[in-house]
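*Asks:* Predicted coordinates and the sequence they were generated for:
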Amino acid sequence: MTDADLRESLLHHLKYSFGKDPEHAHIQDWRVALSLAVRDRIVDPWFAATRATYAGKHKRVYYLSMEFLIGRLLEDAIVNLGLLETSQKVCEEVGISFEAVLANEPDAALGNGGLGRLAACFLDSLSTVACPAHGYGIRYEHGLFRQRFVDGRQVEEPETWLSGRHAWEFERPEAAFEIGFGGSVVEAGERAVWQPDERVIASAHDTPIIGWQGKWANTLRLWSAKPTRVFDLERFNRGEYAAAAEPEALARTISRVLYPDDTTEQGKMLRLKQEYFFTAASLRDILRRFLTEYDDLRKLPHKIAIQLNDTHPAIAGPELVRLLHDDKGLDFEESVDIAHACLSYTNHTLLPEALERWSEGLMGALLPRHLKLIERIDDLHARRNPTRKTSILEHDHVKMGELSFIMAHRINGVSALHTDLMKETVFAELNRLHPDRIVNETNGVTPRRWLLSCNPALSSLIDDVIESDWVGHLDRLTEIEPHIDDAAFLDRYAAAKRQNKVDLANFVRDTEGILLDPDAMYDIQIKRIHEYKRQHLNIIETIALWHEMRENPNADWTPRVKIFAGKAAPGYVFAKKIIHLINDVARTINSDPVTSKLLKVAYLPNYNVTLAERLIPAADLSEQISTAGKEASGTGNMKFALNGALTIGTLDGANVEIREHVGADNFFLFGMTAPEVVARRSVAEHAKKAIDSSPRLAEAIAAIESGAFSPGEPDRYADVADNLRWSDYFLVCSDFAAYYDKQREVDRVYQDQKTWMRMAAYNTARTGWFSSDRTIRGYMNDVWAAHSVTS
Ligand code: F58
């Protein structure tokens, strides 16, 4: 495509799609017009991919996920189509800033964290490897809340990504299904007819997802909820306007907002509704598409694979059985076996409180037929496995993990360690009965967004030393290795990092008014705020370091900038306390003249995909310090290492594999291992013992407790100190000394910039394996039996 073609298309859309001439166009008009011009270029490869899939009768993959944390889409599409230079030039020609156009796009924050972002990386990789696939999810009107700080406290505000124009989707009003809830079940022999008493319409919106180099495009189909009846005309005519609009408001509630957690009872009901809503609509759509090509439902497992992203779509098991058995008339056992051969399930957490369980009361009220089918599935499994002790139903609750396991032919963990722990803990008994079902598919990240686009400085250096397509074959990054001994290469590597740090410093100055020295070490922890991720370990170490710096300000300190970002679930009181504490500590330390050249702390608000893209390329040190055994994988850890940050981390999740790849010498390991963690918990007063043996830790906790960081409210953090001293389930105190010591080793290494940069370059060179293209190929081979379509 030539510059002239794109310019013509851009001006055409500006004029005919938005009725604007260039003189009067706002930046949003330009952004949406450019998006439509780019989207036009996706349509032909998209059609071609669909035709090739039908023509070759290829197996299709369906990725069901409550979350797709896709962020901005324009740059992705431009980069994958190879239109970066052309787009930059055209913007210059029409007199607009390309950067401003990109920055105008709101983040589509349709996810909470790693699970949702993984789904987005997978979409990119599925298209890149030309695997015929659909993502299915919910078109939330409001994504994850916006985070603001008021006096250091997190305040949540609704997010409004759809308030401007959204350019990427095609509305499909004809692709709509009625989804029922509640009501009763009329038994007719072995089968049953479910008569729901509430119905909503699921209506489809399609976003084409173009892969690297524009060769293949898949579809992300998101459902929005609409009422079956727009409004009650009778009531309206009686003047009851609010009541007349009620059915519409209630139906739309289902796709109104992404759940950041589910702490209230009402929230639980809505969440289960959301789960059934999108799963049922997706399955109906999948069967409809299958039946346009085939008539024998027994062939279903040969032609489709359905992936459940965590247990959120677990109702797919009983729903598919219901469709096959009740609706299509297949025998019950055969229906279960077909569903089983189609379904597979990814587990993302071992934390007991995060494993979904629904009360039978709730499930029976909302999905009465499904509850009955779950009981029959459970009975069937018990009959086929007479030695089993577990069951799906326990203490009047339906355990969605067990249901997913039993209904799936493959269950995967997201890192090697996590997969082993799954086998040993939550699914020990089911693994014993079905030893071939659990497989490992270590997570990955898309190199298009997480290296090529977010880090142009480093990418252009890599381009200069690797001539072949490293973006589509990320393991080729190992070709950098021989250059690491070349001083000129290493200088350029260091210069790229410094450039990214200067850019970040400017951003933090402009947005937060905090001045950061680009020569200081940028030490970054960005992720959801959770006790197991241990942001409090990091801030306590910061306090201890500050104390020592104050005591001895003329020692040979390595200047540091501690950067935090991340949101806490609105109902998670302790996590919100940690945010408040970090902000209080930041204010105190940043205003201390004694340490002003040595230490700065910045908590950047409203962490999202776009902010991550800015922070990761600028990091020197990546904090991956979860309590061993608790972080299923992590994916931020991979993004940092790829962009040349060194990791300080525990042997948890994918840290283990990152360390194996980059080499133990290029990784700062500390802390207890997963078995040591389990053992330590049974030591009486483990936290108190750790505090008593570390004066630094004792002093830091005492400072928090005494109100040193909250003078206006001295007991603000009394409960935090209390928790650390007497409970400390996540072993912050027990790991503190090892963490503090390792940080001082980090300081020493950083002073030798040549050594540091070599280590960083080895991290980039050796983390190509963590491309999500590799992960997707793993799923295709081990889980889906699906193939790339080669032209
Ligand atoms: C994350 N889970 C894991 N859950 O914590 C992380 O280790 C892993 O790398 C990642 O999945 C991808 O496998 C996660 O992000 C959620 O966001 C929940 C979704 C449902 C509401 C509560 C949070």
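*Replies:* Structure's in. What do you need?

*Asks:* Against residue 407, how distant is residue 741?
*Replies:* Residue 741 is 48 Å from residue 407, where distance means CB to CB, to the nearest Å. Where you see a C-beta, it was placed from the backbone N, CA and C, and this is true even at glycine.

*Asks:* Neighbour count for the two, which is higher?
*Replies:* Between residue 741 and residue 407, counted using other CB atoms under 10 Å, the more crowded position is residue 407 (27 against 11).

*Asks:* neighbours of the residue nearest to that one when sequence neighbours are not counted, just the number please.
*Replies:* Spatial nearest neighbour of residue 407, chain neighbours left out: residue 317 (3.2 Å); criterion: CB to CB, 6 or more residues apart in numbering. If you count neighbours by other CB under 10 Å, residue 317 ends up with 30.

*Asks:* May I ask you to confirm that residue 317 is in contact with residue 343?
*Replies:* Yes. Residue 317 is in contact with residue 343 according to CB atoms under 8 Å; the separation is 6.3 Å.

*Asks:* Mutual contacts of those two, please.
*Replies:* Common contacts of residue 317 and residue 343, defined by CB atoms under 8 Å, 6 or more residues apart in numbering, comprise 407, 408.

*Asks:* tell me the contacts of residue 101?
*Replies:* Contacts for residue 101 were tallied using CB under 8 Å, 6+ apart; they are 27, 30, 31, 34, 74, 91.

*Asks:* Repeat that for residue 382.
*Replies:* Contacts were defined as CB under 8 Å, 6+ apart; by that measure residue 382 touches 388, 391.

*Asks:* for the stretch 151-300 of the chain, what spans make up the helices?
*Replies:* Here the stretch 151-300 of the chain has its helices, by DSSP state H, counting those that start in this stretch, at 233-237, 241-253, 265-293, 300-303.

*Asks:* Out of these, which gets nearest to the ligand?
*Replies:* Checking the helices of the stretch 151-300 of the chain against the ligand by CB to the nearest ligand atom gives helix 265-293 as the closest, at 8.7 Å.

*Asks:* Would you mind getting the angle between that closest one and helix 241-253?
*Replies:* Relative orientation of helix 265-293 versus helix 241-253 (axes from the mean of the first three to the mean of the last three CA atoms, to 10 degrees): 60 degrees.

*Asks:* where's the residue nearest to residue 407 relative to the ligand, distance?
*Replies:* Between residue 317 and the ligand the distance is 19 Å, computed by CB to the nearest ligand atom, to the nearest Å.

*Asks:* secondary structure class for that residue?
*Replies:* Here residue 317 is helix, with the state taken from DSSP: H, G, I helix; E, B strand; the rest coil.

*Asks:* ok so, going back, so of the helices of the stretch 151-300 of the chain, which one's packed in deepest?
*Replies:* Ranked by mean neighbour count, those are led by helix 265-293 with a mean of 19 (mean count of other CB atoms under 10 Å).

*Asks:* Does the ligand have contacts with that helix?
*Replies:* No. Counting by CB under 6 Å from any ligand atom, the ligand is not contacted by helix 265-293; separation bottoms out at 8.7 Å.

*Asks:* Give the rounded mean pLDDT of that helix.
*Replies:* Mean per-residue pLDDT for helix 265-293: 94.

*Asks:* Pull the number of nearby residues for the residue of the chain found nearest the ligand.
*Replies:* Nearest residue of the chain to the ligand: residue 114, at 3.0 Å (CB to the nearest ligand atom). Residue 114 has 24 neighbours, counted by other CB under 10 Å.

*Asks:* dump the residue contacts of the closest residue to it other than its chain neighbours.
*Replies:* Spatially, and ignoring its direct neighbours in sequence, residue 114 is nearest to residue 635 (5.2 Å; CB to CB, 6+ apart). Counting by CB under 8 Å, 6+ apart, residue 635 touches 114, 117, 118, 121, 443, 444, 445, 654.

*Asks:* Return the members of those classed as buried.
*Replies:* Using 16 or more other CB atoms under 10 Å as the burial test, those include 114, 117, 118, 121, 443, 444, 445, 654 as buried.

*Asks:* Now secondary structure too, for those, in CSV please.
*Replies:* CSV is the format used below for those (three-state DSSP):
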residue, secondary structure
114, helix
117, helix
118, helix
121, helix
443, coil
444, coil
445, strand
654, coil
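
*Asks:* Save these as a markdown table, and put in distance to residue 599 too.
*Replies:* Formatted as a markdown table, the buried ones among the contacts of residue 635 follow (distance: CB to CB, whole Å):
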| residue | distance to residue 599 |
| --- | --- |
| 114 | 29 |
| 117 | 31 |
| 118 | 34 |
| 121 | 34 |
| 443 | 33 |
| 444 | 35 |
| 445 | 31 |
| 654 | 30 |
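
*Asks:* how about the residues of this structure that lie near the ligand?
*Replies:* 112-115, 118, 261, 348-349, 414, 443, 631-635, 653.

*Asks:* What's the PyMOL syntax to select whichever of those are buried?
*Replies:* Here is the PyMOL command that selects only those of the residues of the chain next to the ligand that count as buried (16+ other CB under 10 Å):
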select buried, resi 112+113+114+115+118+348+349+414+443+631+632+633+634+635+653
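
*Asks:* Point me to the helix or strand that includes the nearest residue to residue 443 once chain neighbours are set aside.
*Replies:* Closest residue in space to residue 443, ignoring its immediate chain neighbours: residue 633 at 4.4 Å, by CB to CB, 6+ apart. In the assignment (DSSP states H and E), residue 633 maps to no helix and no strand.

*Asks:* Verify the contact between residue 633 and residue 441 for me.
*Replies:* No. With contact defined as CB under 8 Å, residue 633 does not count as touching residue 441 (9.7 Å).

*Asks:* list residues touching both of these two?
*Replies:* Counting by CB under 8 Å, 6+ apart, the shared contacts of residue 633 and residue 441 are residue 414.

*Asks:* what's the distance between the residue located most distally from the centre of the chain and residue 232?
*Replies:* For the chain, the residue at maximal distance from the C-alpha centroid (CA atoms, centre = their mean) is residue 238, at 48.1 Å. Counting by CB to CB, the gap from residue 238 to residue 232 is 9 Å.
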